[in-house]
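**Student:** Quick one: sequence and predicted model below, then my questions.
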Amino acid sequence: MNAPFKIEADQSKRMLIGGEWHNSVRGKTFTTLNPATEEVIAEVAEGDASDIEAAVQAARGALTRGAWPAMTGAQRGRILYRLAAILRERSEEVVALESLDGGKPLAATRRMDLPAAIDCLEYYAGWADKITGEVVPARRDAITYVQRVPVGVVGVIVPWNFALMNAVWKIAPALACGCTIVLKPAELTPLSALWLGAAALEAGLPPGVLNIVPGYGTQAGAALVSHPGIDKISFTGSPRTGQFIMRAAAENITKIGLELGGKSASVVFADANLDSAVRQTGSGAFFNAGQVCSAATRVVVDRKVHDEFVEKLAARANALRIGDPRETDVNLGPVISSTQMQRVLDYIAIGKGEGAQAVAGGARLGGRGYFVQPTVFAGVKGGMRVAQEEIFGPVVSVLAFDDEDEAVSLANGTAYSLAAAAWTKDIDRAHRMIERLRAGTVWVNTYGPTDARLPWGGMGGQSGIGRDLGRSALDNYTEQKAVWIQRGG
Ligand code: NAD
């Protein structure tokens, strides 16, 4: 192992159940790899249905007995603030771990994932004592009001592309609301979640409130979503797994929230600041080697500036520095696994077969580590598979349009609805695009920012159901309870 630090603490390889670190019930383990070198980083305990059973029981116990349900919102908030402070104090530790496991450049993890996780924890820490009900004077003969109560035991399943941040997006509001949690991190990136579990205990989270069971989706994940003791499943991942979860959740009529895929468009009009559009759309396409749900995978460009845009975007792609995520000045790391690399290379072959022209990239880079060249396809038509399907790699398709209606129809013409951007200096057109683009987030003259205060999620279809973040995420983790108190009863 050639990590810049050692993963020695025992807990980094075990599962967290009821506030204690355990081996899996069956003693199984799995390995997690460094995608830049293909070397093993660590052996991690592999959970299955029996470990999920223990974790759900621990979470149920912590929800109903002991310190957690006895706490006020202010006390829960203080724990979340302490957890945020630990992330800040020991940021280099968790940044190194996340970058090593997920292949995201250290600098990008430091700049983006970690501050976003800390901000999210602090944002919901602030909410914890402001989750209030409402007095609704329904009858003269009764006092009637509505309480907000924790939804219960939440099953959280997250992917590998923002392992820590995606977990925090769900854990922070769920804890603020007083829920307890069983978290199953992605099998490709279990380490930062286990680190977070240790930090949460250190922050004073009572035992059993946050349980973490690493393992495979088809084993631990499937057991979690079909467990009758789970009140809500909060999932981020692929549409295919989302469908599976919906079906499994139907069995027990478990509530679900699904943050799924994307095929987001960046629409560039001729009056836009072209250099800015190229720069930010390029970052939107290639950040984290394109493994971002809201990646700018389709650039829809006014034909008047199309050739200039393509030339500049290709130059930008060619100038990106690709390499080991631990090196400074690296823009792009590897994709997460050999399977993912093969999938991306297959899509590149599909694009070429469909008649798109690879004006930058188009191949694997080197023979060790899962590196793929940043690839720009020009001459893409709306119906091509590379314009329709989520590739989840550093591949961007450029499509030309002649008028605004065509731009909207190309931008909206997929099964996804997560995010979209419009680039124009014309304020009327910007407002029209905000209205016409079917997406949970619309950016104007920028690409990609998210914030804990703003809701994040798709408008439906393959992008999923519900929203993470923002004030409305508190609704994800609370139930309403209507109360009647009879006067003179
Ligand atoms: P994935 O669906 O393969 O895996 C996600 C998680 O689901 C993992 O923890 C996995 O172990 C688990 N899982 C897999 N099969 C399961 C099953 N049968 N039952 C229960 N759990 C199961 O997704 P991925 O490839 O890891 O992530 C990429 C996908 O995530 C992309 O589609 C991307 O767009 C999406 N994503 C969406 C958002 C968003 O906010 N909308 C954010 C990040 C990623």
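**Tutor:** Right, received. Where do you want to start? Numbering: from 1, shown residues only.
**Student:** do you know how far residue 450 is from residue 142?
**Tutor:** 44 Å (C-beta to C-beta, to the nearest Å). All C-beta spots, glycine's among them, are computed from the backbone N, C-alpha and C.
**Student:** higher neighbour count, these two?
**Tutor:** residue 450 (18 against 15; other C-beta atoms under 10 Å).
**Student:** can you pull up the bridge partners for the closest residue to the more buried one other than its chain neighbours?
**Tutor:** Nearest residue to residue 450 in three dimensions, chain neighbours excluded: residue 456, at 5.7 Å (C-beta to C-beta, 6 or more residues apart in numbering). Assessed by DSSP bridges, residue 456 has beta-bridge partners residue 468.
**Student:** What's the local residue count around residue 456?
**Tutor:** What residue 456 shows, counting by other C-beta under 10 Å, is a neighbour count of 22.
**Student:** and if you look at residue 484?
**Tutor:** Other residues within reach of residue 484, judged by other C-beta under 10 Å, total 12.
**Student:** Equivalent analysis for residue 64, please.
**Tutor:** When neighbours are counted by other C-beta under 10 Å, residue 64 registers 12.
**Student:** That one and residue 477: what is the separation?
**Tutor:** 16 Å.
**Student:** With residue 360 instead?
**Tutor:** 43 Å.
**Student:** got it, and residue 283?
**Tutor:** 32 Å.
**Student:** okay, those two: which has more neighbours?
**Tutor:** Neighbour totals were compared for residue 283 and residue 477, and residue 477 leads with 28 against 16 (other C-beta under 10 Å).
**Student:** Can you read off the backbone torsions of the more buried one?
**Tutor:** phi -120, psi 10 (degrees, to the nearest 10).
**Student:** That one contacts residue 150, doesn't it?
**Tutor:** Yes. With contact defined as C-beta atoms under 8 Å, residue 477 reaches residue 150; the gap is 6.7 Å.
**Student:** residue with max distance from the center of the chain?
**Tutor:** residue 488 (52.0 Å; C-alpha atoms, centre = their mean).
**Student:** Can you tell me the closest non-neighbouring residue to that one?
**Tutor:** Leaving aside its chain neighbours, residue 488 sits nearest to residue 141 (7.7 Å; criterion: C-beta to C-beta, 6+ apart).
**Student:** For the one you found, give me its contacts.
**Tutor:** The contact partners of residue 141, by C-beta atoms under 8 Å, 6 or more residues apart in numbering, come to 486, 487, 488.
**Student:** hang on, the earlier thing: correct me if wrong: the residue nearest to residue 450 contacts residue 449.
**Tutor:** No. Counting by C-beta under 8 Å, residue 449 is not a contact partner of residue 456; they are 10.8 Å apart.
**Student:** What is the burial count for residue 216?
**Tutor:** Neighbour number of residue 216 under other C-beta under 10 Å is 15.
**Student:** What residues of stretch 370-390 count as buried?
**Tutor:** Residues of stretch 370-390 classed as buried: 370-380, 382, 384, 386-387, 389-390 (neighbour count, 16 or more other C-beta atoms under 10 Å).
**Student:** Sorry, slip of the keys, the one I care about is stretch 110-122.
**Tutor:** So, applying 16+ other C-beta under 10 Å, buried residues of stretch 110-122: 110, 112, 113, 114, 116, 117, 118, 119, 120, 121, 122.
**Student:** Same question for stretch 363-370.
**Tutor:** 364, 369, 370.
**Student:** which outside residues touch the host helix or strand of residue 376?
**Tutor:** Using DSSP states H and E, residue 376 falls within strand 375-378. The contact list for strand 375-378 (C-beta under 8 Å, 6+ apart) reads 310, 313-314, 317, 348, 351, 356-362, 386, 394-398.
**Student:** So among those residues, which ones count as buried?
**Tutor:** Counted by 16+ other C-beta under 10 Å, the contacts of strand 375-378 give 310, 313-314, 317, 348, 351, 356, 358-362, 386, 394-398 as buried.
**Student:** and the stretch 251-400 of the chain, which residues reach the ligand?
**Tutor:** 259, 260, 261, 262, 293, 390, 392 (C-beta under 6 Å from any ligand atom).
**Student:** Out of these, which is nearest to residue 23?
**Tutor:** residue 259 (31.2 Å; C-beta to C-beta).
**Student:** what about the nearest residue to the closest one once chain neighbours are set aside, neighbour count?
**Tutor:** Ranked by C-beta to C-beta, 6+ apart and with sequence neighbours excluded, the top spatial neighbour of residue 259 is residue 236, at 4.1 Å. Using other C-beta under 10 Å, residue 236 has 26 neighbouring residues.
**Student:** which non-adjacent residue is nearest residue 303?
**Tutor:** In space, residue 303 is closest to residue 400, 4.6 Å off (C-beta to C-beta, 6+ apart).
**Student:** host element of that neighbour?
**Tutor:** Applying DSSP H and E as the criterion places residue 400 in strand 395-401.
**Student:** So which other helices or strands are in contact with that strand?
**Tutor:** Strand 395-401 sits against helix 274-286, strand 296-302, helix 303-319, helix 338-353, strand 375-378, helix 385-388, helix 404-412, with contacts defined as 3 or more C-beta pairs under 8 Å, 6 or more residues apart in numbering; DSSP states H and E.
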